[in-house]
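Chemist: Using only what follows, build the 3D model:
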Amino acid sequence: MFESLTDKLSSALRNLRGVGQLSEANMEASLQEVRTALLSADVHFRVAREFIERVKTKVIGQEVLKGVTPGQQIVKIIHDELVALLGEGSTALSAARPLKILMVGLHGSGKTTSTAKLGRLLKKKGYNKPFAVACDIYRPAAIDQLEILAKQEELGFYADRNSMDVPAIGEAGLAAARAEGADLILFDTAGRLQIDADLIEEVKQLRARVQPDEVLLVADGALGQEAVNVAKAFHEALQLTGLILTKLDGDARGGAALSIKSITGVPIKFVGTGEKTSEFDLFHPDRLASRILGMGDVVSLVEKAAEVIDQKEAEKMAEKMRKADFTLEDFLAQMQQIKKLGSLGGIMGMMPGMSGVKIDEDAAESGMKRTEAIILSMTKQERRKPEILNGSRRMRIANGAGVKVVEVNQLLKQFQQMQQMMKMLKGGGSKKLMRQMEQMKRQGGGGMPGGFPRF
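Modeler: Residues are numbered from 1 along each chain as shown. As a prediction, the model looks like this:
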């Protein structure tokens, strides 16, 4: 979502290289570019203006610290101001038990899926019995959707398909959840295409009946400034306690994320970064600020890896690679672990300096599926000893995977190159390997003998 903003900010800050002292004169043009970048990203004009004024106040007259370039110093100042803009401080939920959360928002913002995602996330955070109550009686299949998601994520569930009394449904759901010993109760409410009096009144009555500890607005990050207006309207009527920004994996400009906290005063507590129920997390202003500035988010990447990758399996793989005993079977297992981390674009965005790298995710995913199909079409013996694969076996594998024999040959060739690299490292040939890689790089062949594997 923030690719365009990241590129423009990087361009603006690049002009400060070589400056001995940050002054109003040499900062004016760069800060004007930063302001233009923010406005282009659909940041509210007042928020952009105040942001630039705060940065200017902190920057002008500062001596450049020893060992730090002016560019690095201004990046630090802008990073700190972005953190403040996005909402520094605690975004913790109420400590009440059971914790009652009312989910509100417009139609299409992702309330129902966010309800299930939040239940899944908080279950991992220590809530033992999350429970979902279906209070959307208007959208076709909304109740069925929540029921399916609740079952998938092992959440308790309550619905009344015969009633049109939303406050009564909420109250009955609350009683059912308490009877089952739930320590987290999520109320999924109906939305509208736009804010109207009926919507607000119904949710206000539901709130009065169930007395939630948290009222979270689910706002579509792709709405831009409209998301800010929606948040203001809901907050005035319901006294919101937090925001959930969804669809941050989209191609919208991201202005809502940078404006919504400043305009409403309501903290962003969670973000949705994809369609999968696992692509939902606590909101960390400092981490998002780092990503916007192209600095990556290594902490989130490590946390995500720790959640989905089995530690013992990872150690076992590392040992096999160290001993050059890595097979196609191991490669398949490793690839399946990586897939659990989420989209390749999302992973790259968390790596420092890689946010601007363009990836054809459809092509990459298609390539991984093709590689997986080829390896799965092999017998266990063939995966462990690919050298036994003669012409007829390769033809059988290609037919089984639905690919051409040349694609099977390409995979085997690239895997053989990988094994050779491991053997060189095992035998203390790391310097020789580095020389070969540098030579390939100078010749334009990529950083790996034979080119980078296109798995």
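
Chemist: Would you mind confirming that residue 286 is in contact with residue 83?
Modeler: Yes: counting by C-beta atoms under 8 Å, residue 286 sits close enough to residue 83 to count as a contact (5.0 Å). Just so you know, the C-beta spots here come from the backbone N, C-alpha and C atoms, and that holds for glycine as well.

Chemist: between the two, which one's more packed in?
Modeler: The residue with the greater number of neighbours, taking residue 286 and residue 83 and applying other C-beta atoms under 10 Å, is residue 83; the counts read 18 against 15.

Chemist: The one helix or strand that one maps to packs against which elements?
Modeler: Assigning secondary structure by DSSP states H and E places residue 83 in helix 70-86. Where contact means 3 or more C-beta pairs under 8 Å, 6 or more residues apart in numbering; DSSP states H and E, helix 70-86 is packed against helix 3-14, helix 24-40, helix 45-59, helix 255-264, helix 285-292.

Chemist: Using JSON lines, please lay out those helices together with mean pLDDT and distance to residue 386.
Modeler: Putting the helices and strands packed on helix 70-86 into JSON lines (pLDDT from 0 to 100; distance: least, C-beta to C-beta, whole Å) gives the following:
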{"stretch": "helix 3-14", "mean pLDDT": "69", "distance to residue 386": "39"}
{"stretch": "helix 24-40", "mean pLDDT": "78", "distance to residue 386": "50"}
{"stretch": "helix 45-59", "mean pLDDT": "84", "distance to residue 386": "56"}
{"stretch": "helix 255-264", "mean pLDDT": "77", "distance to residue 386": "47"}
{"stretch": "helix 285-292", "mean pLDDT": "75", "distance to residue 386": "39"}
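
Chemist: Buried residues, stretch 168-182. List them.
Modeler: Buried residues in stretch 168-182, counted by 16 or more other C-beta atoms under 10 Å: 169-170, 172-174, 176-177, 182.

Chemist: again, but for stretch 104-114
Modeler: 104-107, 109-114.

Chemist: Could you tell me how far it lies from the centre of the chain?
Modeler: 18 Å (C-alpha atoms, centre = their mean, to the nearest Å).

Chemist: Any idea how far apart the tips of that stretch sit?
Modeler: The separation between the terminal residues of stretch 104-114, taken as C-alpha to C-alpha, to the nearest Å, is 10 Å.

Chemist: circling back to that earlier point, what's the closest of the helices and strands packed on helix 70-86 to residue 214?
Modeler: Taking C-beta to C-beta, helix 255-264 is the member of these nearest to residue 214, at 15.4 Å.

Chemist: Hmm, residue 151 is touching residue 144, no?
Modeler: No: assessed by C-beta under 8 Å, residue 151 is found out of contact with residue 144, at 10.7 Å.

Chemist: hmm, back to that, now, which of the buried residues of stretch 104-114 lie within helices?
Modeler: Counted as lying in helices by DSSP state H, out of the buried residues of stretch 104-114, are 111-114.

Chemist: and residue 95, how many residues sit next to it?
Modeler: Burial measure for residue 95: 7 neighbouring residues, criterion other C-beta under 10 Å.

Chemist: Closest one of the buried residues of stretch 104-114 to residue 206?
Modeler: Taking C-beta to C-beta as the measure, residue 104 is the one of these closest to residue 206, at 9.2 Å.

Chemist: State the pLDDT value of that closest one.
Modeler: Residue 104 is assigned 93 on the pLDDT scale.

Chemist: Quick check: end-to-end length of stretch 259-271?
Modeler: Counting by C-alpha to C-alpha, you get 15 Å between the two ends of stretch 259-271.

Chemist: and residue 217, which of the three is it?
Modeler: Taken by DSSP: H, G, I helix; E, B strand; the rest coil, the conformation at residue 217 corresponds to strand.

Chemist: Now do the contacts for it.
Modeler: For residue 217, the residues meeting the contact criterion (C-beta atoms under 8 Å, 6 or more residues apart in numbering) are 104-105, 230-231, 234-235, 240, 242-244, 266.

Chemist: Run through the bridge partners of it.
Modeler: According to DSSP bridges, the residues that bridge with residue 217 are residue 104, residue 243.

Chemist: Relative to residue 338, how far out is it?
Modeler: With distances taken as C-beta to C-beta, to the nearest Å, residue 217 is found 34 Å from residue 338.

Chemist: just residue 53 next, same as before
Modeler: Distance from residue 53 to residue 338, by C-beta to C-beta: 44 Å.

Chemist: same deal with residue 37?
Modeler: Applying C-beta to C-beta, one obtains 33 Å for the distance of residue 37 from residue 338.

Chemist: cool, residue 187 as well?
Modeler: With the distance defined as C-beta to C-beta, residue 187 ends up 36 Å from residue 338.

Chemist: neighbour count winner among the two?
Modeler: A side-by-side neighbour count of residue 187 and residue 338, using other C-beta under 10 Å, places residue 187 first with 29 against 14.

Chemist: show me what contacts the more buried one?
Modeler: Under the contact definition (C-beta under 8 Å, 6+ apart), the residues listed for residue 187 are 100-103, 133, 135, 170, 173, 206, 210, 212.

Chemist: Between the residues you listed, which sits nearest residue 377?
Modeler: Ranked by distance to residue 377 (C-beta to C-beta), those are led by residue 103 at 44.7 Å.

Chemist: Identify the residues contacting the closest one.
Modeler: By C-beta under 8 Å, 6+ apart, residue 103 lies in contact with 111, 114-115, 118, 186-189, 216, 218, 244.

Chemist: again, only this time at 7 Å
Modeler: When contacts are counted by C-beta atoms under 7 Å, 6 or more residues apart in numbering, residue 103 is found next to 111, 114-115, 186-189, 216, 218.

Chemist: same check, this time on residue 98
Modeler: Under the criterion of C-beta under 7 Å, 6+ apart, the neighbours of residue 98 are 177-178, 182-185.

Chemist: The residues you listed into JSON lines, with extra columns for distance to residue 159?
Modeler: Conversion of the contacts of residue 98 to JSON lines gives the following (distance: C-beta to C-beta, whole Å):
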{"residue": "177", "distance to residue 159": "12"}
{"residue": "178", "distance to residue 159": "16"}
{"residue": "182", "distance to residue 159": "15"}
{"residue": "183", "distance to residue 159": "20"}
{"residue": "184", "distance to residue 159": "17"}
{"residue": "185", "distance to residue 159": "14"}
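
Chemist: And the most centrally placed residue in the chain, how far from residue 279?
Modeler: The chain has residue 273 as the residue nearest its centroid, 3.9 Å off, counting by C-alpha atoms, centre = their mean. With the distance defined as C-beta to C-beta, residue 273 ends up 5 Å from residue 279.
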